[in-house]
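Novice: Need coordinates for the below:
(one chain, ligands or ions: 2)
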Amino acid sequence: MARIGTDIHEAIRLLKQGEVIGIPTETVYGLAGNAFDVEAVARIFKVKNRPTFDPLIVHTSSLDRLRQFVEEIPPVAEKLAAQFWPGPMTLVLKKKSIISDLVTSGLDTVAVRIPRHPLTLELLESIDFPLAAPSANPFGYVSPTTAAHVSEQLGDKIAYILDGGDCTVGLESTILAFDNETITVLRLGGYALEDIEKIAGKVHVQTHATSNPAAPGMLESHYAPLTPIVLGDIPVLLNEHKGKRIGVLAFRQDYSGGGDYPCFILSKNGNVDEAATRLFSGLRQLDALHLHIIVSELVPEEGLGRAINDRLRRAAVKRN
Ligand code: TXA
Ligand code: MG
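Specialist: Ligands and ions are numbered 1, 2, ... in the order given. As a prediction, this is how the structure comes out:
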């Protein structure tokens with residue numbers, strides 16, 4: 001089983017050997033390996049059971065380091081970077097050849113990000129290679145927001161998880177791509193669209209793709225618990241599914257009916273930022289109860305609420 005700890009030297013030692021380890025970020029935990037080492041990258045895909053058509057995000061600690069492996073940074077991307085890095089934003093940029101096709105699934109662009117987590121920034125500063133890191137969950141499942149989440153699912157496949165506490169944002173990064181003057185949001189995430197647009201102007205949102213997605217987070221079903229989840233008006237759904245073992249994932253109200261149903265409340269105060277930090281824990285906790293069904297509701301479509309609703313909708317799509 002993976003050891004869980006805060007020993008950054010152990011993390012560095014393993015990464016230098018080509019191992020993959022769990023690392024904390026402000027969004028979700030990552031499954032990290034040397035982005036310049038094809039074998040380490042191959043190991044990431046294997047541990048995560050991830051199809052190789054789904055490219056990885058490369059993490060680094062500064063713009064100077066970033067320039068070692070991206071061809072160019074458009075002016076508007078520089079502006080966004082200055083405002084939002086370190087933080088939950090990923091930029092898709094033209095790659096240099098030092099980034100292998102395995103990292104990018106053959107695309108000529110690479111997704112890059114400077115994460116906002118002190119331990120991981122220190123780690124990135126201490127090594128001379130960037131870290132390729134997808135979210136540290138089996139492909140298609142809910143992302144991990146604690147070291148324990150990583151351990152539960154991947155603990156038997158990796159040696160070490162660097163423990164940086166609970167993720168403070170709790171949703172994956174917002175992914176942006178650039179085409180001349182056009183900025184496209186490929187994944188809603190940890191920065192609200194409103195905030196991005198204050199810096200970048202109007203952006204296009206294109207977070208759905210039926211085939212050949214630019215970002216498989218765009219796949220209809222993703223981020224899904226094993227228990228079926230339905231969205232709607234919770235009292236109506238409770239009535240419809242009477243007789244089943246039901247769990248409730250509620251935005252702010254308590255629907256436990258005095259103990260009839262396990263009910264996970266995302267934010268008693270109705271705060272979408274707090275709801276974001278608790279969403280994946282809630283899905284995991286309810287999933288662990290082996291219920292027949294989870295009923296849930298959308299949250300207000302503002303700020304991080306948009307990304308929360310995006311994850312809820314994808315979690316609610318039936319998988320084959
Ligand atoms: O917050 C995050 O972004 C977390 C933490 C660990 O940094 N990482 C994360 O990685 O969510 P992952 O692999 O679970 O999701 C990365 C997404 C995928 O949907 C992938 O398709 C997309 O980024 N992506 C990667 N490279 C891309 C590229 N060159 N063009 C378009 N999309 C890309
Ligand atoms: Mg993921």
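Novice: so where's the protein shaky on pLDDT?
Specialist: Applying pLDDT under 70 to the chain flags residues 209-221, 319-320.
Novice: and it, which residues reach ligand 1?
Specialist: Applying C-beta under 6 Å from any ligand atom, we find that the chain lies next to ligand 1 at 25, 27-28, 30, 54-57, 88, 90, 92, 104, 107, 109-111, 113, 115, 133-135, 172-173, 175, 186, 214-217. C-beta: built from backbone N, CA, C; applies to glycine.
Novice: Narrow those residues to those in strands?
Specialist: If you go by DSSP state E, the residues of the chain next to ligand 1 have 30, 57, 90, 92, 109-111, 113, 175, 186 in strands.
Novice: between those residues, which is closest to F280?
Specialist: Taking C-beta to C-beta as the measure, F280 sits nearest to G30 out of these, at 13.9 Å.
Novice: Give me the nearest residue to the closest one, chain neighbours excluded.
Specialist: Closest residue to G30 apart from its sequence neighbours, by C-beta to C-beta, 6 or more residues apart in numbering: A133 at 3.2 Å.
Novice: For the residue nearest to Y160 when sequence neighbours are not counted, give me the backbone phi and psi.
Specialist: Using C-beta to C-beta, 6+ apart and skipping the chain neighbours, the partner closest in space to Y160 is I21 (4.5 Å). In terms of degrees, to the nearest 10, the main-chain angles of I21 are phi -140, psi 160.
Novice: check contacts around I21.
Specialist: Contacts for I21 were tallied using C-beta atoms under 8 Å, 6 or more residues apart in numbering; they are 2, 11, 14-15, 31-33, 158-162.
Novice: For it, give its distance to ligand 1.
Specialist: 12 Å (C-beta to the nearest ligand atom, to the nearest Å).
Novice: rewinding a little: narrow the contacts of I21 to those in strands?
Specialist: Cross-referencing the contacts of I21 against strands under DSSP E gives 31-33, 160-162.
Novice: now those residues as JSON lines including distance to Q83?
Specialist: Below are the ones in strands among the contacts of I21 laid out as JSON lines (distance: C-beta to C-beta, whole Å):
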{"residue": "L31", "distance to Q83": "28"}
{"residue": "A32", "distance to Q83": "25"}
{"residue": "G33", "distance to Q83": "29"}
{"residue": "Y160", "distance to Q83": "33"}
{"residue": "I161", "distance to Q83": "31"}
{"residue": "L162", "distance to Q83": "27"}
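Novice: Out of those residues, the closest to D233 would be?
Specialist: The nearest member of those to D233, counting by C-beta to C-beta, is L31 at 37.3 Å.
Novice: Test my guess that that closest one contacts V47.
Specialist: Yes - in this structure, L31 is within contact of V47 by C-beta atoms under 8 Å, at 6.2 Å.
Novice: Common neighbours of the two, please.
Specialist: By C-beta under 8 Å, 6+ apart, L31 and V47 have these common neighbours: 20, 154, 158.
Novice: In this structure the first one contacts G30, no?
Specialist: Same thing as V20. No - V20 lies out of contact with G30 (C-beta under 8 Å); the separation is 9.7 Å.
Novice: Tell me how many other residues surround A250.
Specialist: A250 sits with 22 neighbouring residues when counted by other C-beta atoms under 10 Å.
Novice: Surely it is in contact with K268?
Specialist: No - contact between A250 and K268 fails when scored by C-beta under 8 Å: they sit 9.7 Å apart.
Novice: about what we covered before: including neighbour count, could the ones in strands among the residues of the chain next to ligand 1 go into JSON lines?
Specialist: Compiled in JSON lines, those are given as follows (neighbours: other C-beta atoms under 10 Å):
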{"residue": "G30", "neighbour count": "31"}
{"residue": "I57", "neighbour count": "26"}
{"residue": "T90", "neighbour count": "27"}
{"residue": "V92", "neighbour count": "24"}
{"residue": "T109", "neighbour count": "18"}
{"residue": "V110", "neighbour count": "27"}
{"residue": "A111", "neighbour count": "26"}
{"residue": "R113", "neighbour count": "27"}
{"residue": "I175", "neighbour count": "23"}
{"residue": "L186", "neighbour count": "22"}
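Novice: what's the farthest-apart pair in those?
Specialist: Spatial extent of these (C-beta to C-beta) is set by the pair G30 and T109 at 19.4 Å.
Novice: In terms of packing, which of L31 and V47 has more residues around it?
Specialist: Higher neighbour count among L31 and V47: L31, with 28 against 18, using other C-beta under 10 Å.
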